[in-house]
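*Asks:* all I have is the shape, not the residue letters:
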């Protein structure tokens, strides 16, 4: 299940949108509330299929730094990380909470796996996964600005990299994409925000 052969950078923006979500005004309000939380929130089933991902979680998946999505399932960016995610999922499916720390070079990400159903009461267990905030640049004000301007998760990820003082080559390496891809996203950032330069965008 957790074999990792390649990075899928493009499908992360669709995570949490492909699977059915609860119907009704109450459920819709709950999903909007989850999008306003300043932490990444995932809801997955016992097979690791993503049932819902809030805005910050979609951003983290789009960055592919330590976690990613393939076939609408949660994976790590390496086989080792994927195995740790599977371990956290296994514990949660047994009704146990599990904290997993993923690390690579100077990057780290904690994931808290929390069971939402009792293992003896539900045929299909549901697990809540909370993702830690990455840095002071990953704050709600930046996220709100990105959403106001209609930025995609990938464009938002690039903007946060720029806020951290990273250049195009560093952002490309961190996201595992070509520099030309990042340059295209920077161009899109300038167009959507109406800024003539990146310096003005960062002010």
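*Replies:* All right, it came through fine. Values in this document were obtained by computation on a predicted structure and should not be read as measured data. Numbers count the residues shown, from 1 in each chain.

*Asks:* how about the helix or strand residue 182 falls within: buried residues?
*Replies:* In this structure, residue 182 is located in helix 179-193 according to DSSP states H and E. Residues of helix 179-193 classed as buried by neighbour count (16 or more other CB atoms under 10 Å): 181-182, 185-186, 189, 192-193. (Glycine included, C-beta is placed from N, CA and C.)

*Asks:* confidence score at the residue lying farthest from the centre of the chain?
*Replies:* What lies farthest from the middle of the chain is residue 120; by CA atoms, centre = their mean that is 30.0 Å. Per-residue confidence (pLDDT) for residue 120: 72.

*Asks:* for residue 99, same thing?
*Replies:* 92.

*Asks:* same thing with residue 110?
*Replies:* With respect to pLDDT, residue 110 scores 90.

*Asks:* leaving out the residues flanking it, which one is nearest to it?
*Replies:* Using CB to CB, 6 or more residues apart in numbering and skipping residues adjacent in sequence, the residue nearest residue 110 is residue 132, 4.3 Å away.

*Asks:* my guess is that neighbour meets residue 102, correct?
*Replies:* No: with contact defined as CB atoms under 8 Å, residue 132 does not count as touching residue 102 (10.0 Å).

*Asks:* anything in contact with each of these two?
*Replies:* Contact criterion CB atoms under 8 Å, 6 or more residues apart in numbering; residues shared by residue 132 and residue 102: 109-111.

*Asks:* so of the residues you listed, which ones are in strands?
*Replies:* Judged by DSSP state E, the subset of these located in strands is 109-111.
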